[in-house]
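S.K.: Sequence plus predicted model, see below.
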Amino acid sequence: MSYLPIYIPPYKDELMYSWIGRLARANSLSLAEFSHAYCGMPKYQSVCADMRRGFFSLSRSLPFTDELDDLYLEHTTIGLEMIAKPVPVQTQYFNMSFQPYSHFNIDQADSILRVKVCPECIKEDRIEVGQPYIHCSHQLGGVDVCYKHHVPLMTYHGKMDGEMDFNLDDYDEEEILIFKRDAIAYADCVHELQGAGLHTDSDSVRETILKKLEEDGFDTTDPVRLFSSCFDDWTYNSLTIMHDYEGFFRVKPNVVQSFNLQTIVPVLMYLWPDPNGFADAASDHEPYLKQYTCSTCGRTYYETPRSQRDGWGCPYCAEHISDEERFEHLVDVIGNGEYEVITPFKSMGKKVRMKHIPCGHEFEVTPTGFLFRDRRCPCFIHENVERQK
Ligand SMILES: [Zn+2]
Ligand SMILES: [Zn+2]
Ligand SMILES: [Zn+2]
């Protein structure tokens, strides 16, 4: 992998995808050519707007190796979107960007389907930095208006890779289905939360909410009912109509469930009118990413603490291990040596047969299920359900 001939730093709040567009231009390449040369994408395929796949390759061409975690979290929407995901799912997301692309690292649904821009920010950027760029905070889940100018965002509908031309004829103003006042309050709250640099997960967020309710003297036995009555006469009520906060509070045992910002943020807004109050309450949490040094090759790399515990380890050394060998190693670490892989690993979605050594039971599970959704031998599930009764 070669270093970038010309390096330019990202702007404040610039989406990584936008920065890559500018890096490509600075190096006289099209976005697709740059994506292939520096982001490990197949020929003629550009990186996606959420930039999940491609960062690992890009990071090897940058003129520095430190603080890649900050670079990634400040210039993608992932940092904030992750507060709505449980830890095993977070691990899968971060592996996507901090491990080489492989059969273990399959593409997931994009969190940014179409890029959004604010027409007022475009004008301001032209004056302040000489050119417009795509802002990270405009792409966050459920955001329809600019937090700074309170005007509706415009969504890109033009041809592929043309976002960075900033031709407003290619951008449409979307119909906002909630009250504009509520959309503004939501965008403001999300912007504050983004600035707070939160590190948390959906289970911890739920606990923090329940703790706050208890402190405020509420009966928390049925949070769904509690919120549906509270939300009835809440100022920003229209925010709660479309989103499934009920699912968020009805936790199913043995199911690792993901949510999105739109589900959680209205609840946070209701309980903490100042978003920093929530940020303080949710503060004691491990960082999403930590830097580690490989004891085999001596290189430094980033991964989540859970990823480290689960045995993912050094991404550079991983490139030299076969998929089957790697899967067996991961099963051994994650399953505490209690599981034997009977049929070989083919892909993340193709079921493998496994044996739970302590009980002797054989069962089938997808590698995604075992590695990222905590699926285990049925005997373990029965035990858990008994314990929760
Ligand atoms: Zn704006
Ligand atoms: Zn290594
Ligand atoms: Zn078992």
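M.R.: That came through, no problem. Ligands and ions are numbered 1, 2, ... in the order given.
S.K.: how deep is S238 tucked in, by neighbour count?
M.R.: Neighbourhood size, S238 [other C-beta atoms under 10 Å]: 18. Yep, even glycine has a C-beta here, placed from its N, CA and C like the rest.
S.K.: The nearest residue to it once chain neighbours are set aside in helix, strand or coil?
M.R.: By the measure of C-beta to C-beta, 6 or more residues apart in numbering, the closest residue to S238 outside its immediate chain neighbours is I178, 4.1 Å from it. On the three-state scheme (DSSP: H, G, I helix; E, B strand; the rest coil), I178 is labelled coil.
S.K.: interface residues of the stretch 151-300 of the chain facing ligand 2?
M.R.: Residues of the stretch 151-300 of the chain found near ligand 2, taking C-beta under 5 Å from the ion as the criterion, are 294, 296-297.
S.K.: okay, now the residue nearest to S238: neighbour count?
M.R.: 18.
S.K.: repeat for S46
M.R.: For S46, the neighbour count with other C-beta under 10 Å is 21.
S.K.: Same question for E364.
M.R.: As a measure of burial, E364 has 11 neighbours, counting by other C-beta under 10 Å.
S.K.: same deal with R225?
M.R.: As a measure of burial, R225 has 12 neighbours, counting by other C-beta under 10 Å.
S.K.: who touches it in this structure?
M.R.: For R225, no residue meets the contact criterion (C-beta atoms under 8 Å, 6 or more residues apart in numbering).
S.K.: Using the three-state scheme, assign it.
M.R.: Taken by three-state DSSP, the conformation at R225 corresponds to helix.
S.K.: any idea how far the closest residue to R25 other than its chain neighbours is from ligand 1?
M.R.: If the residues on either side of it in the chain are set aside, R25 comes closest to M164, at 7.9 Å by C-beta to C-beta, 6+ apart. From M164 over to ligand 1 the distance is 17 Å, taken as C-beta to the ion, to the nearest Å.
S.K.: any idea how far M164 is from V117?
M.R.: When C-beta to C-beta, to the nearest Å is the yardstick, M164 and V117 sit 10 Å from each other.
S.K.: between these two, what contacts are shared?
M.R.: I134.
S.K.: what about those two, which has more around it?
M.R.: Residue environment comparison for M164 versus V117 gives the larger neighbour count to V117, 24 against 20, counting by other C-beta under 10 Å.
S.K.: contacting residues for the closest residue in space to the more buried one that isn't next to it in sequence?
M.R.: Distance criterion C-beta to C-beta, 6+ apart; nearest residue to V117, sequence neighbours excluded, is M154 at 5.5 Å. Neighbouring residues of M154 by C-beta under 8 Å, 6+ apart: 116-119, 168, 171-174.
S.K.: Compute the mean per-residue pLDDT across stretch 294-304, please.
M.R.: Model confidence over stretch 294-304 averages 96 on the pLDDT scale.
S.K.: likewise stretch 194-201?
M.R.: 93.
S.K.: from the contacts of M154, which single one is nearest G141?
M.R.: The closest of these to G141 turns out to be K116 (C-beta to C-beta; 11.5 Å).
S.K.: Tell me how many other residues crowd that closest one.
M.R.: Taking other C-beta under 10 Å as the neighbour definition, K116 ends up with a count of 24.
S.K.: Show me the helices in the stretch 1-150 of the chain, by range?
M.R.: 16-26, 31-38, 55-59, 68-74, 78-81, 87-98, 119-128 (DSSP state H, counting those that start in this stretch).
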